[in-house]
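Chemist: Please find the sequence and the predicted model below.
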Amino acid sequence: MSEIRISHLSKSYAGQQVLDDICLQIGSGEFVAVLGPSGSGKTTLLRTLAGFEPVDGGEIYLGDRLMSSTGRHLPPEQRQLGIVFQNYALWPHMTVAENVGYSLKIAKVADGERRQRIDSALELVGLQGYGQRRPADLSGGQRQRVALARCMVSRPQVVLLDEPLANLDVHLRAAMEAEFEKFHRHTQATLLYITHDQREAMALADRVVVMDQGRVMQFCSPEQLYRQPANAMVARFIGDGMVMPVADVVPDGRGRATARLCHQQVRVRCHGDRPVAEAQLAFHREDLRLAPPEAPGIAAIVRRVSYRGADVQIDCQIPQYPAALLSLYCPPGQAPAVGAALSLALADGWIIGPSSSSLPPFAKALTSTGMEHAY
Ligand SMILES: Nc1ncnc2c1ncn2[C@@H]1O[C@H](COP(=O)(O)OP(=O)(O)OP(=O)(O)O)[C@@H](O)[C@H]1O
C-alpha cells in the first residue's frame, strides 16, 4: 500500500506558519505535482513527508503506517521512500554503478542480484555501459538519470522529487520528462513531484496540488485546474490567467451562465445555479479575441506588442479599469500598433465565485483594486 494520507498537517519555523492545515490524500501509484509560488511551503511539505522535519500538528500516513504526528516521528531511513533532489547528490568518489548500488550494498543484497539490479536500472534510464564512469565525467542530464536509477534500484513504493530538472536546460528537460514517464510506468510508484514548471506539471501529473502561503488552494486534474480554478489565486497563477469582476451572473442550470463584463454581455462557464449580483471571472489569453467589426465589444487601448514567434501578444488597458492589463494573442500579420483602440470579445471564462467580500483574506489582499491580473 503506497497511498499517502496527510491530515491537518501544520509546521512553523520561528513562529512563522509554513504549513497550515494541509489535508491531501494521494492514491497508490498516482503521479502528483506540487506547484506554488516561491516560499509557499512545497519543499517543507516534502521534507516533512521524507522525515527530515518533525511536524507541529496533524498526521502523515503511508498506507496504514503512521509516519509523522506530534507524538511519533519515524526517521527518514525507516520510511522506505525514494528521494531525488535537483542537485543529484551523487558521491563524486564512487563510480556510477557504485552510486546506483549503494543502498543495495548497505542492505547486504548478494553480489549477483546487486549487479543485475544496477544493470537493469541503468538500462531503464538509458545509461547501459556507463557503470564505470565517475559523476564528473557525465553531463547534467546523465547525472540526473543516475540519480533516478539510484532511486529506482531500491524499488521504493513512494518517490519524492524536489525540482529534479531545475538544473537542466530546456532541451534536456523535455528529454527527461519522457524518462520520468517511463520511470513511473515501470515502478508503479506513487510520485510526488515539486516543480516550478507549470507546463511540466500539467504534462506529467495525474493531479496537481497548488499551494500558497502554506495552504492547499486546489488539488485536482491539470485540466480542471486550468479550466475551473477554485479561487483567484489559482486562476492568476495557472497559465498566466486573468481575473475580472463581472455582474449579474445568471446560470442556465447546465453549467453555463450569462454575465456582464465591462458592460458587455458574455457567455461563460459556471458550477452554481443561483444568480449572483457580483462574481469574479477567470480566463486566459486564448479566450480573448478582437471583436468582429460593428459587433459590440470591450473597449481597450494597446499598450504593448510582443513578438512570440507563432503569434504576437497584445497587452491592453481597459479605460474603465486603468489598473488592469488584459492580454491576448493575435497572428503576426494582424498585430495592431501601440496606442490603437481595440474592441475585445470574450469567447470563454469561468465564474470563480461570489464577489470579493466573501473571498478568503489572502485573495482580498490581491483584489483590493477590484481588478486583478496575472502579472
Ligand atoms: N529551516 C528553516 N528555518 C526557517 N524558515 C524556513 C526554513 N525552511 C523554510 N523556511 C521558510 O518556510 C517558507 C516555505 O519555504 P519552502 O522552502 O517550503 O517554500 P517553497 O515553496 O519550496 O519555495 P521555493 O519554490 O522558493 O523553493 C519560506 O518562508 C521559508 O523561508
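Modeler: Done, it's in.

Chemist: what's the neighbour count on residue 42?
Modeler: 24 (other CB atoms under 10 Å). No exception for glycine: its C-beta is placed from N, CA and C like everyone else's.

Chemist: What sits closest to residue 343 if chain neighbours are left out?
Modeler: Nearest residue to residue 343, sequence neighbours excluded (CB to CB, 6 or more residues apart in numbering): residue 297, at 3.2 Å.

Chemist: what's the answer for residue 40, then?
Modeler: Residue 40 sits nearest to residue 211 (CB to CB, 6+ apart), 4.3 Å away.

Chemist: Tell me where the model's unsure across this protein.
Modeler: Counting by pLDDT under 70, the ranges of the chain that qualify are 1, 87-88, 167-168, 353-375.

Chemist: and it, which of its residues are near the ligand?
Modeler: Where the chain comes near the ligand, counting by CB under 6 Å from any ligand atom, the residues are 13-14, 18, 36, 38-44.

Chemist: biggest separation within these, which pair?
Modeler: Maximum pairwise distance in these, criterion CB to CB, is 20.8 Å, between 14 and 36.

Chemist: what's the neighbour count on residue 272?
Modeler: Count around residue 272 with other CB under 10 Å applied: 15.

Chemist: which ones are touching the residue nearest to it when sequence neighbours are not counted?
Modeler: Spatial nearest neighbour of residue 272, excluding adjacent residues (CB to CB, 6+ apart): residue 251 at 5.8 Å. By CB atoms under 8 Å, 6 or more residues apart in numbering, the contact list for residue 251 reads 257, 270, 272-275.

Chemist: for residue 198, same thing?
Modeler: 35, 238-239.

Chemist: Tell me which of the residues you listed fall in strands.
Modeler: residue 35 (DSSP state E).

Chemist: Out of the contacts of residue 198, who's the most crowded?
Modeler: Counting neighbours by other CB under 10 Å, residue 35 comes out on top of the contacts of residue 198 with 28 neighbours.

Chemist: Can you name the residues bridging to that residue?
Modeler: With DSSP bridges as the criterion, residue 35 is bridged to residue 210.

Chemist: is it true that it touches residue 207?
Modeler: No: the criterion here is CB atoms under 8 Å, and residue 35 misses it with residue 207 at 11.1 Å.

Chemist: Can you tell me the number of residues neighbouring residue 228?
Modeler: Using other CB under 10 Å, residue 228 has 19 other residues around it.
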